[in-house]
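>>> Give me the fold of what follows.
(one chain, ligands or ions: 1)
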Amino acid sequence: MAAREIARMGAQVLNEPALAVEDPTDGEVALLVADMLETMRAAGGVGLAATQIRVPKRVVIFEVPAQRTADGVAMPLTTLVNPTWEPLGPELEEAYEACLSVPGLTGVVPRYRRIGYRGYDLAGRPIAREAEGFHARVVQHEIDHLDGMLYPLRMTSLSTLAFVDELRRTAAAEREVEAA
Ligand code: NI
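Numbers count the residues shown, from 1 in each chain. I've put the predicted structure just below:
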């Protein structure tokens, strides 16, 4: 296992759709996920897509701290191979979002408030969950990475794009912005 360099906005691998994984139980996928986990932990993020370490495969990892879930229960580290999602209802929610591939910046992004998502774990078992709020946001953000989409492209107004440390100076924005 090794932490790898994180691709930043401008790297072509972040702009292209990633390829489906043929066999989630392939040992190479487990090695990839081990490196993704070490990279995410070293960077202090809550999520990471394989494309962010320059591997164009449809694999994401994420975790949701207890203070950011609707029911106060943390969503433990989850690996999703070949993930998909769909909105559960039309409601959108706006919140500041950040990305390890766009370091230092944050901006307001509308996301579906409630979603269903699916994928496979490293044993090839299907995962199917419903999520809301921050949990739903992280999943949408990570799967966007697999489709070559970075969050600034989802912003409806660039007027909220800001450096995190500048925002923290203002009383109105004393919040933690987790990057993914
Ligand atoms: Ni990201």
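>>> what sits against the residue in the chain that the ion sits nearest to?
Here the chain gets closest to the ion at one residue, C99, 3.2 Å apart by C-beta to the ion. Using the backbone N, CA and C atoms, a C-beta is placed for each residue, glycine as well. Taking C-beta atoms under 8 Å, 6 or more residues apart in numbering as the contact definition, C99 lies against 105, 141, 150-151, 179-180.
>>> Is T78 located within a strand, as I assumed?
Yes: with DSSP: H, G, I helix; E, B strand; the rest coil as the criterion, T78 is assigned to a strand.
>>> From E63, how far out is the residue of the chain closest to the ion?
From C99 across to E63, the span is 16 Å (C-beta to C-beta, to the nearest Å).
>>> got the phi/psi numbers for the residue nearest to the spatial centre of the chain?
The C-alpha lying nearest the average C-alpha coordinate of the chain belongs to E142 (C-alpha atoms, centre = their mean; 3.0 Å). The phi/psi pair for E142 (degrees, to the nearest 10) reads phi -70, psi -40.
>>> residues contacting it?
Taking C-beta under 8 Å, 6+ apart, we find E142 in contact with 47-49, 60-62, 80, 83, 180.
>>> From the residues you listed, list the ones also adjacent to the ion.
Restricting the contacts of E142 to those touching the ion (C-beta under 5 Å from the ion) yields A180.
>>> between the contacts of E142, which is nearest A34?
The closest of those to A34 turns out to be I61 (C-beta to C-beta; 10.0 Å).
>>> which stretches of this protein form helices?
Secondary structure of the chain by DSSP state H: the helices cover 27-43, 133-146, 164-167.
>>> T79 versus M40, what's the distance?
Plainly put, M40 is 11 Å away from T79 if you go by C-beta to C-beta.
>>> Now the common contact residues for those two.
Counting by C-beta under 8 Å, 6+ apart, the residues touching both M40 and T79 are I61.
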